[in-house]
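*Asks:* here's a sequence, model it:
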Amino acid sequence: MDAHVKRRTSEEVVAERHGKGPQQTTMENRMRSEEERDKLRSYFARWAYESGVPFNALRLRGFEELVEAIGQYGPGFKPPSFHDYRVPLLKSEKEKIDEIKKKHTISWKKGCTLMFDGWTDKKGRHLINFLVNSTEGTFFLGPVDASSQIQDAKMLFEFLDNKIEEIGEENVVQVVTDNASNYVAAGRHTRFLEAMRVHTRGADLVRAGATKFASSFLTLQSLLKHKDNLRKLFLFDHWDNSKLSHTKAGKQIVEIILSTPFWNGVQDCLRASLPLIQVLRIVDGDERPALPEVYIAMEEESDESIVNSLMHKANDAFNDILTRMVPDTTLQDKISAQSAAYTGSNGSCKGDVVWWEKHRSSTPELTKLARRLLGLCCSSSGCEHNWSIFEFIHTKKMNRLEHQRLNDLVYIQYNLRLQIRFQEKGNNPEILIHWCLMI
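*Replies:* Next up is the predicted model:
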């Protein structure tokens, strides 16, 4: 092979494999027999089964890159030692994450969101995750062990104050949290549940959505879908012979299920809540800034009265935000004047393109504030995506590690997962902001 031909990195090869374009097959792969490939796969499987590697680990892009890198290295590769894996390699990977943090730090200066969420592990320790979201994506700052602290508003304020100082007080536009997930509990009546599944062909009525707010909507949808079968359930001998049928609660259930007004109410609720669910799905995420997408969704709303009402509330909120974020009254007046000119324009996102092209250079103060606002996320769901990482790392074996090394492991794995999640989404948050502002 020509020495001047640059070999593609394992990351490039795997990225091409996951892309939509045609994939190249190397000469070496063509020359390998199926028997050789099966033998190699068997070695991987044996190691994974012996060490207890979770099946999902084989889906990670990093695993594919590892395999490709080993193949490119060729025969004779000596794997890292226990010490290498535990000390120098861990240090090296942490330094790489720190380099990624530098890119995020630059983006934080445009405005960012501090997100946090609490979690109690199996040993009763209360941990608080702190993350920062910006147009660069979401970055995990690290956990704080609050087990020994008195968990009150003063404690939380001290933690937040420290993190805001670390990020830069002038950079943090908002703080978002959601601790409701820690207090959710549910109970089920097993025997009655099994009887219900007979009539719903194995389906559960209570459906867990990808997001918490979607669960109630999906449950109502499921109720309506199984309406006829649910009614049949209460007309069979199995129900009459159950103890629950003779209780006050059981009689109330029958009355509700057989009630026509109840089902009409379910239909009305689904029709009324669908637009709200669509908006909530937009804002419950951190991969893309939510406000530009909400603005675009408003453009598609056919009811002009709803749009006007939302715009009026948005203007009121903007005035409140302006006084909070811009303490200089002279600067406030400039932004207000520029905002008034903007409000008097076309008033639509597509029509705004012309306005921003024409006036962006003459409205630098409004432009800067708009970018800070449009780049925000509206949810702390990014905190909730990776609790399994803590469950995995905080095992009995891992807990023998020194505290700092354990934190480094969490720091590396959490941020690698976040980076992969944003890469797989394939979204560039800046595109939405530029599209709305044309800056």
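*Asks:* could you dump stretch 260-269 to CSV, C-alpha only?
*Replies:* The C-alpha trace of stretch 260-269 is given here as CSV (Å, rounded to 0.1, in the frame of the first residue of the first chain):
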residue,chain,number,x,y,z
THR,A,260,-71.4,6.7,28.7
PRO,A,261,-70.6,10.2,30.1
PHE,A,262,-67.3,8.9,31.4
TRP,A,263,-66.2,7.6,27.9
ASN,A,264,-67.3,10.9,26.3
GLY,A,265,-65.2,12.7,28.8
VAL,A,266,-62.2,10.5,27.9
GLN,A,267,-62.6,11.4,24.3
ASP,A,268,-62.9,15.1,25.0
CYS,A,269,-59.8,15.0,27.2
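*Asks:* what's the mean pLDDT across it?
*Replies:* For stretch 260-269, mean pLDDT is 89.
*Asks:* how much space between residue 355 and residue 342?
*Replies:* 6 Å (CB to CB, to the nearest Å). (C-beta placed from N, C-alpha, C; glycine too.)
*Asks:* got it, and residue 322?
*Replies:* 13 Å.
*Asks:* ok, residue 421 next?
*Replies:* To residue 342, residue 421 is 34 Å away according to CB to CB.
*Asks:* what are the buried residues along stretch 260-267?
*Replies:* residue 263 (16 or more other CB atoms under 10 Å).
*Asks:* all the helices of the stretch 301-439 of the chain, residue numbers only.
*Replies:* Assigned by DSSP state H, counting those that start in this stretch, the stretch 301-439 of the chain shows helices spanning 304-325, 329-343, 349-359, 364-374, 381-384, 387-393, 403-425, 429-437.
*Asks:* ranking the ones you listed by mean pLDDT, which is last?
*Replies:* Among the helices of the stretch 301-439 of the chain, helix 429-437 scores lowest, with a mean of 49.
*Asks:* could you pull out the strands in this protein for me?
*Replies:* Taking DSSP state E as the criterion, the chain carries its strands at 112-120, 126-134, 137-145, 172-177.
*Asks:* so for residue 36, which of the ones you listed sits nearest?
*Replies:* Among these, strand 137-145 comes nearest to residue 36, with 40.3 Å by CB to CB.
*Asks:* now the angle between strand 126-134 and that closest one, please.
*Replies:* Going by axes from the mean of the first three to the mean of the last three CA atoms, to 10 degrees, strand 137-145 is angled at 160 degrees with respect to strand 126-134.
*Asks:* can I get strand 137-145 as CSV, trimmed to CA atoms?
*Replies:* Taking Å, rounded to 0.1, in the frame of the first residue of the first chain, the C-alpha atoms of strand 137-145 are listed here in CSV:
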residue,chain,number,x,y,z
GLY,A,137,-25.1,20.1,24.1
THR,A,138,-25.3,18.8,27.7
PHE,A,139,-22.3,18.4,29.9
PHE,A,140,-22.1,16.5,33.2
LEU,A,141,-20.3,18.5,35.8
GLY,A,142,-20.4,15.8,38.4
PRO,A,143,-22.4,14.5,41.4
VAL,A,144,-22.5,15.8,44.9
ASP,A,145,-23.0,13.5,47.8
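*Asks:* contact partners for residue 8?
*Replies:* Residues near residue 8 by CB atoms under 8 Å, 6 or more residues apart in numbering: residue 16.
*Asks:* can I get the strands of the chain in TSV with mean neighbour count and mean pLDDT?
*Replies:* Formatted as TSV, those follow (neighbours: other CB atoms under 10 Å; pLDDT from 0 to 100):
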stretch	mean neighbour count	mean pLDDT
strand 112-120	21	82
strand 126-134	23	86
strand 137-145	21	88
strand 172-177	18	84
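*Asks:* how about the ones you listed in a markdown table, adding distance to residue 221?
*Replies:* Compiled in a markdown table, these are given as follows (distance: least, CB to CB, whole Å):
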| stretch | distance to residue 221 |
| --- | --- |
| strand 112-120 | 28 |
| strand 126-134 | 31 |
| strand 137-145 | 30 |
| strand 172-177 | 28 |
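*Asks:* tell me which of these lies nearest to residue 48.
*Replies:* Set against residue 48 and scored by CB to CB, the strands of the chain come closest in strand 137-145, at 26.7 Å.
*Asks:* tell me what the closest one is packed against?
*Replies:* Judged by 3 or more CB pairs under 8 Å, 6 or more residues apart in numbering; DSSP states H and E, strand 137-145 is in contact with helix 88-108, strand 126-134, helix 153-167, helix 403-425.
*Asks:* can you list the strands that that strand pairs with?
*Replies:* strand 126-134 (antiparallel) (DSSP bridges).
*Asks:* okay, residue 269 and residue 217: tell me how far apart.
*Replies:* From residue 269 to residue 217 the distance is 9 Å (CB to CB).
*Asks:* counting neighbours, go ahead and name the busier of these two.
*Replies:* residue 217 (19 against 14; other CB atoms under 10 Å).
*Asks:* so what's the more buried one up against?
*Replies:* Residues near residue 217 by CB under 8 Å, 6+ apart: 209, 270, 273-274, 277.
*Asks:* neighbour-wise, which of those leads?
*Replies:* Of these, with other CB under 10 Å as the count, residue 277 tops at 17 neighbours.
*Asks:* report pLDDT for it.
*Replies:* 76.
*Asks:* where does the stretch 151-300 of the chain have low pLDDT?
*Replies:* 151-153, 178-214, 282-300 (pLDDT under 70).
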